[in-house]
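Need coordinates for the below:
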Amino acid sequence: MTIIKDDYGKDYKVSDLQSFKNHIEKYHSCNGKGDGSLHEENGYWFRVTEDFYNYIMSL
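Numbering: from 1, shown residues only. Next up is the predicted model:
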């Protein structure tokens, strides 16, 4: 299990990291970069910036 911080500093436990990465890549990126969109998951919020995208993909 992987723990990441959301935009409000709350710890979010990612139960299926590969599924999370696939979703971010499919719906929140363009040409291999974060597109600045907002991802909500179970009450946690993540702005998908280039830095966040690169961090998630490096996990």
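
Any buried residues in the longest helix seen in the chain, and which?
The longest helix of the chain (DSSP state H) is helix 17-27. Neighbour-count burial for helix 17-27, counted by 16 or more other CB atoms under 10 Å, picks out 20-21, 24. Heads up, the C-betas are built off the backbone N, CA and C, glycines and all.

now the helices: where do they sit in this protein?
17-27, 50-58.

Now do the same contact list for residue 37.
27-28, 47-48 (CB atoms under 8 Å, 6 or more residues apart in numbering).

so what pLDDT did residue 37 get?
Listed pLDDT for residue 37 reads 98.

now it: how far from residue 1?
Using CB to CB, to the nearest Å, residue 37 is found at 25 Å from residue 1.

can you put the contacts of residue 37 in CSV and add distance to residue 7 and pLDDT?
Converted to CSV, the contacts of residue 37 look like this (distance: CB to CB, whole Å; pLDDT from 0 to 100):
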residue, distance to residue 7, pLDDT
27, 17, 98
28, 13, 98
47, 6, 98
48, 10, 98
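
low-confidence ranges in the chain?
Along the chain, no part satisfies pLDDT under 70.

And stretch 38-50, what's buried?
Under 16+ other CB under 10 Å, the buried positions of stretch 38-50 are 39, 44, 46, 48.

and the longest helix of the chain, what does it pack onto?
strand 38-41, helix 50-58 (3 or more CB pairs under 8 Å, 6 or more residues apart in numbering; DSSP states H and E).

Need those in TSV (columns: distance to residue 11).
Shown next, in TSV, are the helices and strands packed on helix 17-27 (distance: least, CB to CB, whole Å):
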stretch	distance to residue 11
strand 38-41	13
helix 50-58	15
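
Tell me which of those sits nearest to residue 9.
helix 50-58 (13.8 Å; CB to CB).

How about residues contacting that closest one?
Helix 50-58 is contacted by residues 4, 20-21, 24-25, 28-29, 33-34, 46 when judged by CB under 8 Å, 6+ apart.

Much appreciated, bye for now.
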